[in-house]
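Trainee: Sharing a sequence plus its predicted fold:
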Amino acid sequence: MPATDRAARALDMRLTLVRNWSVARPPRGWLRAIRDALGLTTKQFAKRLGVSQPRVVALEKGEVDETVTLASLRRAAEALDCQLVYVMVPNRPLVDLLRERAEAKADEQLEGVGHTMRLENQALTAGDQRRQREVLIDQLLRGNLSRLWDEPA
């Protein structure tokens with residue numbers, strides 16, 4: 001198994017636990033929700049964070065507006081005795097995405113060859129075409145994966 005395939009599978013395994021998370025951010029943000037749940041005022045939170053009270057308001061607004069930095073969120077989380085968890089979760093397993101892309105690239109390559117072979121009256125049987133397609137998909141997945149993302153497929 002190629003290293004890139006192992007990397008995709010390993011990452012898919014790590015993401016299995018979070019793939020089905022359905023934890024929407026509260027409307028006023030996590031910082032505000034946790035601060036309110038703890039009963040902290042913005043002034044008290046500002047003191048814990050070592051910033052001014054208006055900075056806390058801006059920080060909470062920045063979270064809602066998605067303009068806050070990860071570093072600021074991490075510091076704010078620590079001030080609330082929380083842990084910031086940052087993760088990107090692909091919509092489907094990475095190995096499936098790679099396979100689909102390799103299939104599209106293989107089909108694209110085989111279409112050009114197949115057209116030429118048909119013109120020369122050397123077309124492959126359907127079974128031979130399927131086998132050739134699988135061989136090409138396997139080669140694409142074992143090769144340099146960055147080639148899968150070259151356009152147009």
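Mentor: Perfect, I can see it now.
Trainee: According to the record, where do the domains of this structure fall?
Mentor: 22-79, 94-149 (automatic domain parsing).
Trainee: who wins for proximity to Val87 among these?
Mentor: domain 22-79 (11.1 Å; CB to CB). Quick note: C-beta positions are derived from backbone N, CA and C, even for glycine.
Trainee: Can you say which of the domains of the chain is nearest to Arg14?
Mentor: Closest among the domains of the chain, using CB to CB: domain 94-149, at 10.6 Å.
Trainee: and that closest one, how far apart are its ends?
Mentor: Start-to-end span of domain 94-149 (CA to CA, to the nearest Å) is 14 Å.
Trainee: and that domain, how far out from the chain's middle?
Mentor: 26 Å (CA atoms, centre = their mean, to the nearest Å).
Trainee: pLDDT averaged over it - what is it?
Mentor: Mean per-residue pLDDT for domain 94-149: 82.
Trainee: now swap in stretch 26-34 and tell me
Mentor: Here the average pLDDT along stretch 26-34 is 96.
Trainee: Can you tell me what sits against that stretch?
Mentor: Outside of stretch 26-34, the residues within contact range by CB atoms under 8 Å, 6 or more residues apart in numbering are 59-60, 63-64, 73, 76-77, 80, 82.
Trainee: Now which of these would you call buried?
Mentor: Among those, those classed as buried by 16 or more other CB atoms under 10 Å are 59-60, 63-64, 73, 76-77, 80.
Trainee: Among the residues you listed, which one sits closest to Gln139?
Mentor: Leu73 (43.4 Å).
Trainee: need the domains of the chain in TSV with distance to Met13, can you?
Mentor: TSV is the format used below for the domains of the chain (distance: least, CB to CB, whole Å):
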stretch	distance to Met13
domain 22-79	20
domain 94-149	10
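Trainee: out of those domains, nearest to Asp12?
Mentor: Comparing those by CB to CB, domain 94-149 comes nearest, at 5.3 Å.
Trainee: So which residue is dead centre in the protein?
Mentor: What sits nearest the mean C-alpha location of the chain, by CA atoms, centre = their mean, is Pro90, with 3.7 Å.
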